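>>> coords please:
(chains A, B, C and D)
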Protein chains: 2
Amino acid sequence: MVDPEEARFLEEYDAETFDRPSVTVDLVILTASHYQLWALLLPRDAHPFKGAWALPGGLIGKNESLEEAAKRVLNDKAGLEGVFLEQLYTFGEPGRDPRTRVITVTYYALVDENQVVDALALKGLDPLVRLKTPWKGEAGGPVEAYEAGRQLDLAFDHAEILGMAVKRIRGKLNYAPIGFQLLPPTFTLRQLQAVHETVLGQRLNKDSFRRRMLSSGELEATGEWETEVGHRPAELYRFKSLTAI
Amino acid sequence: MVDPEEARFLEEYDAETFDRPSVTVDLVILTASHYQLWALLLPRDAHPFKGAWALPGGLIGKNESLEEAAKRVLNDKAGLEGVFLEQLYTFGEPGRDPRTRVITVTYYALVDENQVVDALALKGLDPLVRLKTPWKGEAGGPVEAYEAGRQLDLAFDHAEILGMAVKRIRGKLNYAPIGFQLLPPTFTLRQLQAVHETVLGQRLNKDSFRRRMLSSGELEATGEWETEVGHRPAELYRFKSLTAI
DNA sequence: TGGACTTATATGTGTCTTGCATATATGCTT
DNA sequence: AAGCATATATGCAAGACACATATAAGTCCA
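Purely as a prediction, here's the structure:
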């Protein structure tokens, strides 16, 4: 089932032009909302994988560190700055890009939903894409992406990369305070629990979660309460490490 | 304190020869013995960092996956096969190699001491180098290397890479059964505890460790006991996952 | 040869964490 | 004003864990 147009494109591409691999960064920009994980994917308008969806990425500049390249892509492609960003994994199967050898150093970013939606709207970008993880726990494997109920074709090995990001954040949530990276600066314990449940893909005991978070020493009460919620308002908290740094 | 010979070498090196970065793999080959961590380091006999010690590594082949390249280096440089090997992190600061832009994808291997000592002896290589971790827990940072009591100069950013490997294995030991990778196929609970204490850099409670390991379901009694140990012999165990796979 | 020594293995106990249940508080809605 | 939904607080039992004690089983040495 080879698209003839794509076949012609590949023929004309001189794979021997370069001896060394190209090195890129690709970004998994994640947020949590409505008990779903979402990522930024961009439709490809050129071969290969024309019409499929791909992670934002780009070549690494000549005098640019890997992290600087990731931050540049984050800003250029998504309009985001100052968010959690960490190296994920490096993918380099020889055939992962049909044009030439491309090794990609992937990073993942965690963003508050409101922040990323505003930033994308400013750039006139498509909305985020819903992720579905067809495996439990930290088993790992590719992830599926949906928009408006339809499953999307993912370019290159980007389904694997998305899967690695979900696996990493699931593992990390159990020992590092990163859930708040997906929330606004102040939030209720209920919101934080929803984020954890979304990331882990399972329900958590409310009281245990509450006690565990409060006794961790990572949270700080703001003395303010949410309003207009149709029920008793909960106190707003912030993460201490945010203000301590 | 620039070595004039090295300065001349760098002048003559044409950094503009290539537009794309070189991509290499570098390996941290770790073992545990005598309550110390040890790694394989090779003395450099050419500039840059002539006389300093470096991790075994090499360029990634044109049609070779990253993991294949790591396995090739593991075999060529250390004579090792079939050991635990996992991607660690990718380092790519623009100035990390003074010759040209080099991005290195690092892997770490965990090996039984006897196996690696035998393999190195066959290749006529220097013995392993003792590591000293000047930080606690999973704080992270560079690691120091010693041979015969003298601290070694480490080439490039290899002290950082070693530090990342120790940090990774310390974290991983708490939730994944990887301690046995540093032991022979059968071992006593005492040996396993010594490995854990070596990696973590702290003493552990004997009874708790024992019960935790036995109730984890990962261990299997062999029905054999150690001999000639000068005290009551302990039963030998093996890891189930080794035989189940 | 037998007792001291060293380590393995088994059992008990108090503390802390965690899941589950109950009770009360509070703001919004009707 | 009553009902509702959720927040917050407290109690309790089961399990995990550190620490302590007791017994077992080899080696070493007088």
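>>> Provide the backbone phi and psi angles at the closest residue in space to A:His158 that isn't next to it in sequence.
Among residues not flanking A:His158 along the chain, A:Leu55 sits closest, at 5.1 Å (CB to CB, 6 or more residues apart in numbering or on different chains). (C-beta placed from N, C-alpha, C; glycine too.) Here is the backbone geometry of A:Leu55 (degrees, to the nearest 10): phi -70, psi 150.
>>> state which helix of chain A is the longest.
Ranked by number of residues, the top helix in chain A under DSSP state H is helix A:158-173.
>>> show the subsequent helix or strand relative to that one.
helix A:189-200 (DSSP states H and E).
>>> what is the burial count for A:Asp157?
20 (other CB atoms under 10 Å in any protein chain shown).
>>> part of a helix, is A:His47?
No: under DSSP: H, G, I helix; E, B strand; the rest coil, A:His47 falls outside any helix and is assigned coil.
>>> where does chain A have low pLDDT?
Across chain A, the ranges flagged by pLDDT under 70 are A:1-19, A:241-245.
>>> which parts of it are strands?
A:22-33, A:36-39, A:42-43, A:53-54, A:57-59, A:84-91, A:102-110, A:129-132, A:144-147, A:150-151, A:219-225, A:235-239 (DSSP state E).
>>> hang on, isn't A:Gly171 packed against A:Gly140?
No: in this structure, A:Gly171 is not within contact of A:Gly140 by CB atoms under 8 Å, at 9.9 Å.
>>> write out the residues of chain A neighbouring DNA strand C.
Residues of chain A lying close to DNA strand C by CB under 7 Å from any atom of the strand are A:204-205, A:207-209, A:211-212, A:215, A:225, A:227-233.
>>> quick one: which of the residues you listed is most hemmed in?
Scoring these on neighbours with other CB under 10 Å, the highest-scoring entry is A:Phe209 at 17 neighbours.
>>> how near is the residue nearest to that one when sequence neighbours are not counted to A:Ala32?
Leaving aside its chain neighbours, A:Phe209 sits nearest to A:Gln193 (5.0 Å; criterion: CB to CB, 6+ apart). According to CB to CB, to the nearest Å, A:Gln193 stands 11 Å off from A:Ala32.
>>> now swap in A:Lys132 and tell me
The spacing between A:Lys132 and A:Ala32, counted by CB to CB, is 14 Å.
>>> in terms of neighbours, single out the busier of the two.
Set A:Lys132 next to A:Ala32 and count neighbours by other CB under 10 Å: A:Ala32 wins out with 24 against 12.
>>> please name the bridge partners of that one.
Judged by DSSP bridges, the bridge partners of A:Ala32 are A:Leu37.
>>> let me see the contact set for it.
A:38, A:113, A:182, A:194-195, A:198-199 (CB atoms under 8 Å, 6 or more residues apart in numbering or on different chains).
>>> send the alpha carbons of stretch A:174-187 over as PDB?
Written as PDB, here are the backbone C-alpha positions of stretch A:174-187 (Å, rounded to 0.1, in the frame of the first residue of the first chain):
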ATOM      1  CA  ASN A 174       5.200   7.900  42.600                       C
ATOM      2  CA  TYR A 175       8.400   9.300  44.000                       C
ATOM      3  CA  ALA A 176       8.700  12.900  42.700                       C
ATOM      4  CA  PRO A 177       6.300  15.900  43.100                       C
ATOM      5  CA  ILE A 178       5.600  16.500  39.400                       C
ATOM      6  CA  GLY A 179       1.800  16.400  39.400                       C
ATOM      7  CA  PHE A 180       1.600  20.100  40.200                       C
ATOM      8  CA  GLN A 181       3.400  20.900  36.900                       C
ATOM      9  CA  LEU A 182       0.100  20.000  35.200                       C
ATOM     10  CA  LEU A 183      -1.900  22.400  37.300                       C
ATOM     11  CA  PRO A 184      -2.200  26.200  37.700                       C
ATOM     12  CA  PRO A 185      -0.100  27.800  40.500                       C
ATOM     13  CA  THR A 186      -2.800  27.200  43.100                       C
ATOM     14  CA  PHE A 187      -5.100  24.200  43.200                       C
END
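>>> I'd say A:Ala221 and A:Ala234 touch.
No: assessed by CB under 8 Å, A:Ala221 is found out of contact with A:Ala234, at 10.8 Å.
>>> more neighbours: those two, which one.
A:Ala234 (14 against 11).
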